[in-house]
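Participant: Generate a structure from the sequence data that follows.
(chains A and B)
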2 protein chains.
Amino acid sequence: MQSRDTNRAWVLAQRPVGEPDDDTLRLETGLVPQAGPGEMLLRTEWLSIDPYMRGRMNDAKSYATPVPIGGVMTGQVVAEVVTSDVAGFAPGDRVLAMSGWQDWTVSEGSGVTALPEGMAHPSWALGILGMPGLTAHAGLAYIGEPKPGETLVVSAATGPVGATVGQIAKLRGCRAVGVAGGPEKCRHAVEELGFDACIDHRTEDFEAQLKAACPDGVDIYWDNVGGRVLYGVLPLLNPFARVPVCGVAAWYNLSGLPEGPDRGPQIMSTLLRMKVKMQGFIVYDSFPPSAYDAFVAEMTGWLADGKIRYTEQTVEGLEAAPRALRDVLAGRNFGKVAVRVG
Amino acid sequence: MQSRDTNRAWVLAQRPVGEPDDDTLRLETGLVPQAGPGEMLLRTEWLSIDPYMRGRMNDAKSYATPVPIGGVMTGQVVAEVVTSDVAGFAPGDRVLAMSGWQDWTVSEGSGVTALPEGMAHPSWALGILGMPGLTAHAGLAYIGEPKPGETLVVSAATGPVGATVGQIAKLRGCRAVGVAGGPEKCRHAVEELGFDACIDHRTEDFEAQLKAACPDGVDIYWDNVGGRVLYGVLPLLNPFARVPVCGVAAWYNLSGLPEGPDRGPQIMSTLLRMKVKMQGFIVYDSFPPSAYDAFVAEMTGWLADGKIRYTEQTVEGLEAAPRALRDVLAGRNFGKVAVRVG
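Facilitator: Prediction:
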């Protein structure tokens, strides 16, 4: 439970090999930090749980600095400003900040964004109106480039990014085919989110089912996972297909190159023969600032008009965060996972 | 030897498994075809030999129809118009045509391009002033996007495309690092073509040498080959690197997925972490028509000014064409290979 006196923080105890386990993170308790001149004190309300967090646990060349051993786990939060000596922020304001997995932080304001007053769902700023929503919207606008009549396939179709990608594709006039783990998620994708079809990648004849669901081939494959789904989509790609590479969830826990056969030749030959563009991106630095404004304007309208549906799964308490991340990495979550911290 | 009476044609006898061999192609002899109304008779002077030809021998979903069994092998030629009932073409004209591997063809003019009169090197229309030159120029303009100070790596660096890519990169202000097979080719790339460095991919410590030659990482990897070179470049790619995928020569002879480990995760994770764009393309339909005009204008000037050097290897006689292709596929050629047919 959150307290006014102590700060709890999940720190990286050791780098995991493969799946994170009970020894990966350690809960430390300390004093609530003091905000000095030019600083403000933030109290975490909601912590976002996202697959990218697994990557930050590795000590690999990447787009972001890895979390150091003993460092607080990285994470975006919705927080309340408790005291403030920072221009533009007053006590009681609600903000978006990269506070990490802890109750309290002190900030001089950099990277902190004010949220509108009176948001009906503040935690949505971590999802459909935040990073995952922008990822879907800008990734499609700048890399996927959906055109009416095209077929889009998206993996992790009920995750916060995938669900948004599929729904935007439908709004753009595409056929949207999801891939998800298990019949319950697939049903949700079709019945709740409006996908044209959703295939369970855990079934034996997944590849044949996917092919049947894409009679005109695949023009856009939004890849959140890599692995079997990617390999199943490759033979279906149409000329000039686009593949936004948003995640490699199937491989986040790999500690080396997996056994063969080597799919490298299949990937590269497909790119060549079908003139495919495959592009990795990171939402924070792959798009111009105007992408954010376009996203907020369009997404706010869609939500108000009921054209986009959003599923959030609430996890209670900071102490449950490591389990929540492991669930997300294993695909045991359903929609966006947000931890209610205080 | 070319004759006025008979037409020799190399036809696909059977689809090769792995490397083409003596049973892959068969030389057939027939009558010279008759040009009817609205047609012209073309006599092949030069036949281009290119790595893509191996792909056309396969019966795979691709950007182009495979050569049928018993069909004449696909190939671009420089030809002389012998008789013509086609508007715009007169006997004695020299043209570029997709006649394939044979002495004589009849054409109604579609896909046939007139070459300027009095070209000093007509066969260059198959190389530096033709498809390979345009491939290099447009592929860089539209996908590679070289910027001054960047590092470009190109494989098959002394091939007709690679040599041009490296030289254009230099003209655009980049550091150009070649990869080629053997010390002679590497010396040629540096001493004759002006590359900053060229690494022999047959050496044991190729990866370490390549890394040392790219102290600032790699911003553009022009991939002609796939295989070990690609896997050696992946760890060197900088954020926002571009990878034009122009060929997979190391894998043309594959008849299935090779043994592991699976490099798929390495490819996809690199794309994601480094925000890499990897794009396959085919020169004939990946670029707007204006790309050709821009290429001719700039390349003609560069050649006139001595800023681009071009190496051509002449093979004598149509009968030598299959061996020439096998040499190209095995990297035994040096520069562009053109067969003097008649």
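Participant: So A:C214 versus chain B, what's the distance?
Facilitator: According to CB to the nearest CB, to the nearest Å, A:C214 stands 14 Å off from chain B. From N, CA and C alone the C-beta is placed, and that goes for glycine too.
Participant: List the residues that contact that residue.
Facilitator: Contact analysis of A:C214 by CB atoms under 8 Å, 6 or more residues apart in numbering or on different chains lists A:T151, A:V153, A:R175, A:V177, A:L236.
Participant: and what of A:Q14?
Facilitator: A:D23, A:T24, A:I69.
Participant: Then A:N253?
Facilitator: A:P16, A:G18, A:E19, A:R54, A:L329.
Participant: Try it again at 6 Å.
Facilitator: A:G18, A:E19 (CB atoms under 6 Å, 6 or more residues apart in numbering or on different chains).
Participant: can you check A:G217 too?
Facilitator: Counted by CB under 6 Å, 6+ apart, A:G217 has contacts A:L236, A:N238.
Participant: ok, it to A:L237 distance?
Facilitator: Relative to A:L237, A:G217 is positioned 7 Å away (CB to CB, to the nearest Å).
Participant: returning to what we had before: just the buried ones from the contacts of A:Q14?
Facilitator: Buried residues within the contacts of A:Q14, counting neighbours by 16 or more other CB atoms under 10 Å in any protein chain shown: A:T24.
Participant: Redo the contacts of A:Q14 as JSON lines? Include distance to B:Q313.
Facilitator: Listed next are the contacts of A:Q14 as JSON lines, based on distance: CB to CB, whole Å:
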{"residue": "A:D23", "distance to B:Q313": "62"}
{"residue": "A:T24", "distance to B:Q313": "59"}
{"residue": "A:I69", "distance to B:Q313": "57"}
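Participant: Give the burial count for whatever residue of the stretch 201-342 of chain A ends up closest to chain B, as a bare number.
Facilitator: Closest to chain B within the stretch 201-342 of chain A is A:G260: 1.6 Å, counting by CB to the nearest CB. For A:G260, the count of nearby residues is 15 (other CB atoms under 10 Å in any protein chain shown).
Participant: What of A:Y221?
Facilitator: 28.
Participant: wait, the residue of the stretch 201-342 of chain A closest to chain B sits on B:G260?
Facilitator: Yes. Contact status for A:G260 versus B:G260: in contact at 1.6 Å, counting by CB atoms under 6 Å.
Participant: Is the lowest-mean-pLDDT helix or strand in chain A in proximity to chain B?
Facilitator: Across the helices and strands of chain A, mean confidence by mean pLDDT, DSSP states H and E is lowest for helix A:52-56: a mean of 90. No. Applying CB under 6 Å from any CB of the partner chain, one finds helix A:52-56 separated from chain B by no less than 7.6 Å.
Participant: packing partners for the helix or strand following that helix?
Facilitator: Using DSSP states H and E, the helix or strand that follows helix A:52-56 in sequence is strand A:77-84. Applying 3 or more CB pairs under 6 Å, 6 or more residues apart in numbering or on different chains; DSSP states H and E, we find strand A:77-84 packed against strand A:40-49, strand A:94-97.
Participant: Quick one: closest of those to chain B.
Facilitator: Comparing those under CB to the nearest CB, the one sitting nearest is strand A:40-49, at 19.0 Å.
Participant: Show me what that closest one pairs with in its sheet, parallel or antiparallel.
Facilitator: strand A:77-84 (antiparallel), strand A:104-107 (antiparallel), strand A:336-340 (antiparallel) (DSSP bridges).
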